[in-house]
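In: The following comprises the amino acid sequence and a computationally predicted model.
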Number of protein chains: 2
Amino acid sequence: MRKRKIESSVAEKRKTALTSLENFGTKLYDQMEEGLFPWIKMPSRSIENIFYSQEVRQYILGDKAVRRSSRNIRHIRPLTQLVWAARFAHELAQSRKTSTLRDVYYSAQAYDMSFKNQPESNNIITDLETVAGLSREDFNVFPEERSAIFGDLTIGYTVPGYEGRQLNLASHPDGMMIGPALTSAEFLKTSAKMVIAIEKGGLFTRFIEEQVYRKFNALLVLTAGQSPRATRHFIRRLNGELGLPVHIFTDGDPWGMHIAMVIISGSANAAHLRELTTPDATWSGMWATDIVNYKLPSDPLTSIDIKRLHELQRDPRYRGKLWQREVKKFLKIRKKSEQEAFSRYGLTYIVDKYLPAKLKEAAS
Amino acid sequence: MRKRKIESSVAEKRKTALTSLENFGTKLYDQMEEGLFPWIKMPSRSIENIFYSQEVRQYILGDKAVRRSSRNIRHIRPLTQLVWAARFAHELAQSRKTSTLRDVYYSAQAYDMSFKNQPESNNIITDLETVAGLSREDFNVFPEERSAIFGDLTIGYTVPGYEGRQLNLASHPDGMMIGPALTSAEFLKTSAKMVIAIEKGGLFTRFIEEQVYRKFNALLVLTAGQSPRATRHFIRRLNGELGLPVHIFTDGDPWGMHIAMVIISGSANAAHLRELTTPDATWSGMWATDIVNYKLPSDPLTSIDIKRLHELQRDPRYRGKLWQREVKKFLKIRKKSEQEAFSRYGLTYIVDKYLPAKLKEAAS
């Protein structure tokens, strides 16, 4: 295994998160010391202020800002909630404990903070992300869902109890879960030349069994459907820190296509964040074109599929040539197909024939 | 870490699966050599032939049998499909490749076998389970879904490429996926004294962070909702081969209760199988009683929740005292609560107070 020099970003990231929360608090204290009602200003996340940027290739927030001041009686509640959320996040990040959005909602009650319901507390956490310019995972608020990784990458843990310990991610051939420990690990050593992200568990296992990681020097990531944010951030790190190209393989339908798109260009909901996209990742299949070219078994598109395709056609993220061509092709053939459909040619066809052909295509 | 003598069952199991498929084939050949139209007989899986057995504490099949003969023109199709499925399963098990139900459906086309649709091919695989008395995982047909495990258990792999390699399942603090490699691994060494199965990812991570595995000498299993069959089988092995008691923690609602019940007593769909239940496992919470005793934040039961509770009340698996009491209690308080609700008392309350109290209760 050859060594790569890999820049560490994990320790810095954690420091940045803590500092940004502390600055937020200091600012409020300073205002009060000056005799002002504390107030904050942050970019508006309303729909009129969300734009697609060709430059950074994701949704971004425009110039509109919202101001929340403790002078305004209607603002007191959300401002107080935000201050509490910042305090709670700081406590989490400092004590290196993780939690979930659900935990945040219930934890508030321990502090006599009142949230009407889960959406209200989720929204305050998103406010906090917007103010700090960091994602909630940086404050140790993690999603419930877990995805997985397998391949030759040696990581160094930074979580309490595991500091200094290393693990090679090819040690367990069912895959390692991507959770807080992996997300915050340093990348130490790898022989990998690419990342292959896969939508489904069955295919992830097939790729491991058929030694795709060895034959193609690939790290395999299981997205398990729409990938959790922590996984999207992790893929971005594999791409950015290790300089590895990312190929995404999904089912051949509008939903699979969109799983790839969200890894590549993110979502409108996360327009206030910059760390969840991998703009240079490619959707390598399964395309509508593949369904035709490989004469795959297929199912007819449903009316919901077709409605979704029309939405995607108008979506600014789908302006690229490949995306427009494939959306049109789906609408033309009115068919969809699953990755397992390749088993029609034998279980290993997808690895022996399809995968090399698609990787060659992407390289040209 | 103290050593335990653990009986190996994996290698034998694989041999049993292959032998049982070979016997099935030999029988058909013998019939033909005797000049008979090949036929088979297997237990009926129709609803009138499914009974709950207090003795083995799961659903079982009764005495009714179905006969399929190639002499009957209506039987030729399912019998041929079954023979193909047996051949395919034998190929999988022998070459140690895994697949999914979805793969089986599409693979048939490579052999010019025709299945009308996915349910038809799923049903034939269930026929094969019934004939062989083994579950499809024994023939290397695995579910899509993956759950996870964490804790001090050293396993020895038997899958190709990893034979002879060992791994301690506490090496990765996000958890290891439970897939074909882990399911077929030998248990070598453990210091664990119990298994704790948990419904949700967030809590699984909390238990790892709070070192439940160390404080309680526990192996932690994440079921990720309703546990996949491979995980149920795995829990059974932890209980049977390692002699570890199993405690299940779920949300406090009819759906969480049933996640626990399916691990303990299985499902009617799997009445033809014996290896998917852990009758001695206990549902340790969250009970309706806990919602009251711990004064937890809760939501009102929906009409769907209530309908489900009435169904469970009549379900033979729910005859036990604890189950009847809790179903009644849910119906009385008309409330449900999630595991995260304990965060109301601080993030670690569930580990510091609730868990020890429930384990003590279970021991008494």
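Out: Cool, the structure landed. Numbers count the residues shown, from 1 in each chain, chains lettered A, B, ... in the order given.
In: Can you check what pLDDT the model gives the most centrally placed residue in chain A?
Out: In chain A, the C-alpha nearest the mean C-alpha coordinate belongs to residue A:232, at 2.3 Å (C-alpha atoms, centre = their mean). The per-residue pLDDT reported for residue A:232 equals 94.
In: Would you agree it falls within a strand?
Out: No - assessed with DSSP: H, G, I helix; E, B strand; the rest coil, residue A:232 is helix; it does not lie in a strand.
In: Can you tell me how far it is from chain B?
Out: 16 Å (C-beta to the nearest C-beta, to the nearest Å). In this view, the C-beta of every residue, glycine as well, is placed from N, C-alpha and C.
In: Please name the residues that touch that residue.
Out: A:262, A:263, A:266, A:276, A:277, A:278 (C-beta atoms under 8 Å, 6 or more residues apart in numbering or on different chains).
In: Please pick the buried ones from those.
Out: A:262, A:263, A:266, A:276, A:277, A:278 (16 or more other C-beta atoms under 10 Å in any protein chain shown).
In: which two from those end up farthest apart in space?
Out: A:262 and A:278 (10.2 Å; C-beta to C-beta).
In: and chain A, what are its domains?
Out: A:10-139, A:147-363 (automatic domain parsing).
In: Among these, which comes closest to residue B:244?
Out: The nearest among the domains of chain A, by C-beta to C-beta, is domain A:147-363 at 20.8 Å.
In: contacting residues for residue A:359?
Out: Neighbours of residue A:359 in contact, by C-beta under 8 Å, 6+ apart: A:194, A:216, A:247, A:284.
In: Quick check: the farthest pair among these?
Out: The widest separation within those (C-beta to C-beta) is 11.9 Å, between A:216 and A:284.
In: Same drill for these two, tell me which one is more crowded.
Out: residue A:284 (22 against 19; other C-beta atoms under 10 Å in any protein chain shown).
In: I'd say that one and residue A:358 touch.
Out: Yes - the criterion here is C-beta atoms under 8 Å, and residue A:284 meets it with residue A:358 at 4.6 Å.
In: list residues touching both of the two?
Out: By C-beta under 8 Å, 6+ apart, the residues touching both residue A:284 and residue A:358 are A:247, A:249.
In: got the residues of the stretch 201-350 of chain A near chain B?
Out: A:201-202, A:205-206, A:209, A:211, A:222, A:224, A:297, A:338, A:340-348 (C-beta under 8 Å from any C-beta of the partner chain).
In: Point out the ones among those residues that are inside helices.
Out: Members of those lying in helices (criterion: DSSP state H): A:201, A:202, A:205, A:206, A:209.
In: and the last one, what does it touch?
Out: Translated: residue A:209. Counted by C-beta under 8 Å, 6+ apart, residue A:209 has contacts B:97, B:98, B:159, B:160, B:180.
In: for the second one, phi and psi?
Out: It refers to residue B:98. Note on residue B:98: backbone dihedrals following degrees, to the nearest 10 are phi -100, psi 160.
In: and it, how many neighbours?
Out: 24.
In: Pull out the buried residues from the contacts of residue A:209.
Out: Among the contacts of residue A:209, the ones that count as buried (16+ other C-beta under 10 Å) are B:97, B:98, B:159, B:180.
In: Give me the neighbour count for residue A:346.
Out: So residue A:346, with other C-beta under 10 Å, has 13 neighbours.
In: just for the stretch 51-200 of chain A, where's the confidence low?
Out: Applying pLDDT under 70 to the stretch 51-200 of chain A flags no residue at all.
In: can you give me the helices in it?
Out: A:73-95, A:101-110, A:118-132, A:180-183 (DSSP state H, counting those that start in this stretch).
In: Mind checking the domains of chain A for the one nearest to residue B:325?
Out: domain A:10-139 (26.0 Å).
In: where's the closest one relative to the chain centroid, distance-wise?
Out: 20 Å (C-alpha atoms, centre = their mean, to the nearest Å).
In: what does stretch A:36-52 contact?
Out: Counting by C-beta under 8 Å, 6+ apart, A:24, A:27-28, A:31-32, A:58-71, A:75, A:79, A:82, A:126-127, A:130-131, A:268, A:271-272, A:316-317 sit against stretch A:36-52.
In: Buried residues, it. List them.
Out: A:38, A:39, A:40, A:42, A:43, A:44, A:45, A:49, A:50, A:52.
In: what bridges to the nearest residue to the fifth one once chain neighbours are set aside?
Out: The shortest distance from residue A:43 to any non-neighbouring residue, by C-beta to C-beta, 6 or more residues apart in numbering or on different chains, is to residue A:61 (4.3 Å). Per DSSP bridges, the residues bridged to residue A:61 are residue A:50.
In: OK, contacts around residue A:61?
Out: A:43, A:44, A:45, A:49, A:50, A:51, A:130, A:271, A:272.
In: how about 10 Å then?
Out: With contact taken as C-beta atoms under 10 Å, 6 or more residues apart in numbering or on different chains, residue A:61 is in contact with A:42-46, A:49-51, A:53, A:130, A:271-273.
In: What of residue A:200?
Out: Taking C-beta under 10 Å, 6+ apart as the definition, contacts of residue A:200 comprise A:206, A:222-225, A:249-251, A:256, A:338-340, B:100, B:102, B:144.
In: What is the neighbour count of the nearest residue to residue A:105 once chain neighbours are set aside?
Out: Among residues not flanking residue A:105 along the chain, residue A:121 sits closest, at 4.3 Å (C-beta to C-beta, 6+ apart). As a burial measure, residue A:121 scores 24 neighbours (other C-beta under 10 Å).
In: mind checking which of the domains of chain A is nearest residue B:364?
Out: Comparing those by their distance to residue B:364 (C-beta to C-beta), the top pick is domain A:10-139, with 29.0 Å.
In: so what's residue A:81 up against?
Out: Residue A:81 touches A:108, A:113, A:114, A:115, A:120, A:121, A:123, A:124, A:125, A:127, A:128, counting by C-beta under 10 Å, 6+ apart.
In: Could you count how many residues lie near the nearest residue to residue A:94 once chain neighbours are set aside?
Out: Excluding its sequence neighbours, the residue lying closest to residue A:94 (C-beta to C-beta, 6+ apart) is residue A:18, at 6.5 Å. Residues lying near residue A:18 (other C-beta under 10 Å) number 16.
In: Same question for residue A:363.
Out: Count around residue A:363 with other C-beta under 10 Å applied: 7.
In: Which pLDDT value does the model give it?
Out: In this model, residue A:363 carries a pLDDT of 83.
In: so what's it up against?
Out: Here residue A:363 is in contact with residue A:245 (C-beta under 10 Å, 6+ apart).
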